[in-house]
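Asker: fold the following for me, if possible:
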Amino acid sequence: MKKLIALSAVIFFILLAAYFTACNNNSESQAKEDSTDSLQKVIAHGEYLANHVAVCIDCHSKRDLTKFSLPVIKGTEGNGAGFPFGKEDGVPGEVWAPNITPGRLKDWTDDDIAKAMTHGVNKTGDTLFPIMPYYGYNRMAKEDLYAIIAYIRNLPSSDNAVPARKLDIPMSMLGPLPPYGPEKNVKPDATDKIKYGEYLVTMASCSDCHTPRKPNGMEFDFENAFAGGFIFNTPMFKVTVANISPDSTTGIGAWTEDVFIAKFRNNSSDEVVNRDAGKMNTVMPWSMYGKMKEDDLKAIYAYLRTVKPVKNLVEKYPK
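Answerer: Residues are numbered from 1 along each chain as shown. Below you'll find the predicted structure:
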């Protein structure tokens with residue numbers, strides 16, 4: 001009888017150990033699944049921001065010049081620009097957006113990339129020309145900044161090299177760089193539409209194009225922010241940036257929220273052939289911004305309603 005009890009006890013403890021081992025293995029497996037799922041959510045958020053809000057992919061990829069709004073050529077995401085930014089973009093010289101895929105950034109840490117994006121200094125210590133909107137990205141919350149970094153870390157790798165920049169002025173003429181420190185930034189709650197809209201407008205660099213320039217062609221006229229008027233005189237076409245201040249006659253003051261959202265949605269396709277090649281086109285990446293979440297577009301609209309209205313009638317396609 002005693003032997004039977006002892007044997008039963010041994011079997012019980014073996015089964016108990018097996019149970020706890022199985023539980024531990026299941027816990028570890030679940031933890032790995034949760035971690036993978038969490039990372040995929042971060043990457044997906046970064047993909048959304050990089051393609052439809054901060055639109056990093058717009059500049060750092062090749063563009064289809066035959067279609068409306070010059071959409072990104074699929075398969076070239078992050079490979080580097082197919083043509084330079086030049087004087088028609090307000091650049092004193094030529095600047096090529098570099099390859100930002102893992103093939104180019106494999107030796108960069110996340111902090112190296114973050115400093116380039118928000119401080120304007122690359123891994124080798126060179127100051128980036130501010131066609132890269134690091135003054136705006138400098139205000140990005142750390143969670144959004146590192147989500148974008150996680151996404152570009154997962155782009156298909158490319159060895160594509162772009163030409164070195166050629167500037168007519170020294171970078172020291174462009175003033176001090178913004179301080180580095182993304183941990184200081186707080187992302188506004190999305191329920192505060194105006195504050196959150198301002199945050200998105202800053203990340204999307206709307207003012208970089210929609211704010212007129214001073215006579216020297218490089219400094220922004222922030223007294224008339226969002227009033228438009230800058231002319232992109234590209235080799236293919238000439239187009240004037242729209243006035244998006246809330247002026248009721250020359251801006252978007254008469255637009256309803258629905259009209260504003262429809263403008264983006266109606267231009268969101270990346271398959272529209274430019275019907276009037278060489279004349280009526282735009283550098284506005286509608287095919288990217290047009291896929292922004294509706295709540296984000298509503299927040300942007302709410303914020304733009306609060307900026308100073310500026311009367312500035314622009315001719316969209318000047319001769």
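Asker: and for D189, the neighbour number?
Answerer: Residues lying near D189 (other CB atoms under 10 Å) number 9. Quick note: C-beta positions are derived from backbone N, CA and C, even for glycine.
Asker: I149 now?
Answerer: With neighbours defined by other CB under 10 Å, the count for I149 comes to 24.
Asker: how distant is whichever strand or helix holds it from the center of its chain?
Answerer: Per DSSP states H and E: I149 is located in helix 142-153. On the basis of CA atoms, centre = their mean, to the nearest Å, helix 142-153 sits 10 Å off its chain's mean C-alpha point.
Asker: quick check: the gap between the residue nearest to the spatial centre of the chain and N233.
Answerer: With distances taken as CA atoms, centre = their mean, A54 lies nearest the centre of the chain, 1.7 Å away. Counting by CB to CB, to the nearest Å, the gap from A54 to N233 is 26 Å.
Asker: P156 now?
Answerer: Distance from P156 to N233, by CB to CB: 34 Å.
Asker: one more: D107?
Answerer: D107 is 38 Å from N233, where distance means CB to CB.
Asker: quick one: the helices in the stretch 201-319 of the chain?
Answerer: Along the stretch 201-319 of the chain, the stretches classed as helices by DSSP state H, counting those that start in this stretch are 206-210, 257-266, 286-289, 294-304.
Asker: hang on, the earlier thing: show the pLDDT at the residue nearest to the centre of the chain.
Answerer: Looking at A54, its pLDDT stands at 98.
Asker: how about low-confidence regions in the stretch 51-200 of the chain?
Answerer: Applying pLDDT under 70 to the stretch 51-200 of the chain flags no residue at all.
Asker: which stretches in it count as helices?
Answerer: 56-59, 102-105, 110-118, 134-137, 142-153, 193-203.
Asker: buried residues in the last one?
Answerer: Neighbour-count burial for helix 193-203 flags K193, K195, Y196, G197, E198, Y199, L200, V201, T202, M203 (criterion: 16 or more other CB atoms under 10 Å).
Asker: what helices or strands is it leaning on?
Answerer: Contact here means 3 or more CB pairs under 8 Å, 6 or more residues apart in numbering; DSSP states H and E; on that basis helix 193-203 packs against helix 134-137, helix 294-304.
Asker: export those helices to a markdown table and tack on mean neighbour count and distance to D221?
Answerer: Shown next, in a markdown table, are these (neighbours: other CB atoms under 10 Å; distance: least, CB to CB, whole Å):
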| stretch | mean neighbour count | distance to D221 |
| --- | --- | --- |
| helix 134-137 | 21 | 16 |
| helix 294-304 | 20 | 17 |
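Asker: which among these is found nearest to W255?
Answerer: When the helices and strands packed on helix 193-203 are compared by CB to CB, helix 294-304 sits nearest W255, at 8.0 Å.
Asker: quick check: mean pLDDT of that closest one?
Answerer: 98.
Asker: next: stretch 37-46.
Answerer: Across stretch 37-46, the average pLDDT comes to 95.
Asker: what does it contact?
Answerer: D144, Y146, A147, I148, I149, A150, Y151, I152, N154 (CB atoms under 8 Å, 6 or more residues apart in numbering).
Asker: which of these tops the neighbour count?
Answerer: I148 (28 neighbours).
Asker: isn't it up against A50?
Answerer: Yes: counting by CB atoms under 8 Å, I148 does reach A50; the two are 5.0 Å apart.
Asker: so what sits against both of these two?
Answerer: With CB under 8 Å, 6+ apart, I148 and A50 have common neighbours C56.
Asker: T124 and V314, how far apart?
Answerer: 40 Å.
Asker: just want to know which of these two has more residues nearby.
Answerer: V314 (18 against 6).
Asker: quick one: contacts for that one?
Answerer: G228, G229, T240, V241, A242, N243, T250.
Asker: still on that earlier bit, which of the buried residues of helix 193-203 lies closest to D112?
Answerer: D112 lies nearest to M203 out of the buried residues of helix 193-203, by CB to CB, at 20.4 Å.
Asker: now that closest one: how far from F68?
Answerer: 24 Å.
Asker: do the same with G136
Answerer: From G136 across to F68, the span is 26 Å (CB to CB).
Asker: how about S69: what's its closest non-neighbour residue?
Answerer: W286 (4.2 Å; CB to CB, 6 or more residues apart in numbering).
Asker: could I get the pLDDT score of that neighbour?
Answerer: Looking at W286, its pLDDT is 96.
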